[in-house]
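Engineer: Below is the structure, and that's it, no one-letter string:
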Ligand SMILES: CC(C)(COP(=O)(O)OP(=O)(O)OC[C@H]1O[C@@H](n2cnc3c(N)ncnc32)[C@H](O)[C@@H]1OP(=O)(O)O)[C@@H](O)C(=O)NCCC(=O)NCCSC(=O)CC(=O)O
């Protein structure tokens, strides 16, 4: 890996938008993620015979110029998290000298291997992944990396501070950048309505001091009375990271989903019809079952499974789908490994995940919102002690990541790197538009081997 350039891309200076300060308060949804590790995503673009001269003269200038134009719409991403002394909570601050940190690199790694579905070591993706810089006083909102693979293609990497943007906004930003790049970089680049971010914070109402409650939860978790520590914007290190994981991608097709649904219904002839057997529920329950079985071992082991919910359409009044920020909450459950190891483990999982989604539909997303952060922090502590098997979810088949075409074709693969640090699997839509689901995995090698032997061999 060779670093070719470390720079900052500023919003296009020709626009008056770039010359005004901007500040956005963090909402309670944002503050939930204040110190939680960021999400890392890579988009792989194959380009046969791509040379360094072509990369430098065509690809890179177009990507940088269009990024600069895109930032006019996403100004907070050119800024930083700050905590002014007169502010009760941190803010996102943009000033005209700010810009997005961008690393340009050249890799001699195997593009086809890293962008394929097969098994490879998780650490192989780390050199392609930008690093989010955070300190006591300041935290980057995102960082980007563009990596050339001579003769084979290039990769666009983004790391996103979850207190600034969630998966929906991150993927909307990448799609907007790709859209403007593909359009040909004219000044005044406008975005279609669904990609135009809504920065207005007044569309979201705090149910009553949840923002300050989350800050207090963060303060309490730090166990320090010093003001510097309390107001530090440093992100927490990943504590539960396992060593030497391998990655692979598996796909669940519509046909597989049909079989999974039929399998649940055949085992629950009376109650099955009341379950919410969506693509998401079936996929997550099935993958969680295979992961617990791949570890095998003691049935007494605690298993926590949980996932994020996009709150935008579920708030009253609903928040626009293109609202910029973090707008999700978590739901989840505990079980014992034996529940999944059991012959009817998948049916158990489908019932539990269905119940969780149905609860959200019935009770709304704000039910129990006050205690969500402390619950998640406690699970993190247990995960770090390795006493708990945690299976969470990053991404969503609804994000449409494969629509991100910068003008050289759609990505051949999109991966979430950070699942190798937090016990998550990643979900995306099938690349071929067939409405299947692509699932990213990061497991120990023995567990990956077991997973491969189990996956879709039985339902
Ligand atoms: C809570 C959920 C997981 C539940 O999903 P479900 O699919 O079970 O339930 P649902 O009500 O959303 O959808 C039920 C069915 O309706 C369909 N459906 C839903 N909305 C639709 C729409 N607008 N247009 C057409 N169809 C729609 C779904 O595809 C599904 O059908 P069918 O069964 O045919 O599919 C989801 O609603 C959700 O909020 N997903 C987003 C989660 C998220 O944002 N995760 C990322 C977190 S941030 C993160 O992790 C970081 C990062 O990614 O960077």
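Structural biologist: Done, it's in. The structure presented is a predicted model; accordingly, all values stated were derived computationally and were not measured.
Engineer: hey, let's count contacts and neighbours off CA atoms from now on
Structural biologist: Will do.
Engineer: what about the residue in the stretch 1-150 of the chain positioned nearest to the ligand, distance to residue 381?
Structural biologist: In the stretch 1-150 of the chain, the residue that lies nearest the ligand is residue 39 (5.4 Å; CA to the nearest ligand atom). Using CA to CA, to the nearest Å, residue 39 is found at 19 Å from residue 381.
Engineer: which one of these two has more residues nearby?
Structural biologist: Between residue 39 and residue 381, counted using other CA atoms under 10 Å, residue 39 has the larger neighbour count: 22 against 14.
Engineer: thought that one was touching residue 421?
Structural biologist: No. If you go by CA atoms under 8 Å, residue 39 and residue 421 don't touch, sitting 10.1 Å apart.
Engineer: Show me what the closest residue to residue 81 other than its chain neighbours is bridged to.
Structural biologist: Leaving aside its sequence neighbours, residue 81 sits nearest to residue 92 (CA to CA, 6 or more residues apart in numbering; 4.5 Å). Taking DSSP bridges as the rule, residue 92 bridges to residue 24, residue 81.
Engineer: Likewise for residue 138?
Structural biologist: For residue 138, the beta-bridge partners under DSSP bridges are residue 82.
Engineer: check contacts around the closest residue to residue 106 other than its chain neighbours.
Structural biologist: With CA to CA, 6+ apart as the criterion, residue 106 has its nearest non-adjacent residue at 4.6 Å, and that residue is residue 148. Taking CA atoms under 8 Å, 6 or more residues apart in numbering, we find residue 148 in contact with 52, 55, 104-107, 154-155.
Engineer: Give me the contact list for the helix or strand bottoming out on mean pLDDT in the chain.
Structural biologist: For the chain, using mean pLDDT, DSSP states H and E, the weakest element among its helices and strands is helix 227-230, scoring a mean of 83. Applying CA under 8 Å, 6+ apart, the contact partners of helix 227-230 are 136, 219, 222, 224.
Engineer: if you set the cut-off to 6 Å instead, what comes out?
Structural biologist: Residues outside helix 227-230 that contact it (CA atoms under 6 Å, 6 or more residues apart in numbering) are residue 219.
Engineer: what number of residues lie near residue 227?
Structural biologist: Number of residues near residue 227 (other CA under 10 Å) recorded here: 9.
Engineer: how much space between it and residue 138?
Structural biologist: Residue 227 sits 15 Å away from residue 138, going by CA to CA.
Engineer: hey, where'd the helices end up in the stretch 101-250 of the chain?
Structural biologist: For the stretch 101-250 of the chain, helices defined by DSSP state H, counting those that start in this stretch occupy the ranges 111-114, 167-183, 210-222, 227-230.
Engineer: mean confidence for the second one?
Structural biologist: Taken as a whole, helix 167-183 has an average pLDDT of 97.
Engineer: Mind telling me which residue of the stretch 201-350 of the chain is nearest the ligand?
Structural biologist: For the stretch 201-350 of the chain, CA to the nearest ligand atom, closest residue to the ligand: residue 278, 3.2 Å.
Engineer: which parts of the stretch 301-450 of the chain sit against the ligand?
Structural biologist: Residues of the stretch 301-450 of the chain lying close to the ligand by CA under 6 Å from any ligand atom are 308-310, 357, 394-396.
Engineer: Take those and write them to CSV, including pLDDT, neighbour count and secondary structure.
Structural biologist: As requested, these are arranged in CSV below (pLDDT from 0 to 100; neighbours: other CA atoms under 10 Å; DSSP: H, G, I helix; E, B strand; the rest coil):
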residue, pLDDT, neighbour count, secondary structure
308, 97, 17, strand
309, 97, 16, strand
310, 98, 19, strand
357, 97, 20, helix
394, 98, 20, strand
395, 98, 26, strand
396, 98, 21, coil
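Engineer: Confirm residue 41 sits in a strand?
Structural biologist: Yes. Applying DSSP: H, G, I helix; E, B strand; the rest coil, one finds residue 41 inside a strand.
Engineer: So the residue with the largest distance to the centre of the chain, which state does it fall into?
Structural biologist: Distance from the C-alpha centroid of the chain, by CA atoms, centre = their mean, peaks at residue 270 (37.2 Å). Here residue 270 is recorded as coil under three-state DSSP.
Engineer: does residue 307 count as helix, strand or coil?
Structural biologist: Counting by three-state DSSP, the backbone at residue 307 sits in strand.
Engineer: Identify the bridge partners of it.
Structural biologist: Per DSSP bridges, the residues bridged to residue 307 are residue 331.
Engineer: surely it meets residue 392?
Structural biologist: Yes. Taking contacts as CA atoms under 6 Å, residue 307 lies within contact range of residue 392: 5.5 Å.
Engineer: need the contact list for residue 244.
Structural biologist: Here residue 244 is in contact with no residue (CA under 6 Å, 6+ apart).
Engineer: how near is residue 118 to residue 249?
Structural biologist: 7 Å.
Engineer: Over to residue 126?
Structural biologist: From residue 126 to residue 249 the distance is 17 Å (CA to CA).
Engineer: ok, now residue 75?
Structural biologist: For residue 75 relative to residue 249 (CA to CA), the value is 34 Å.
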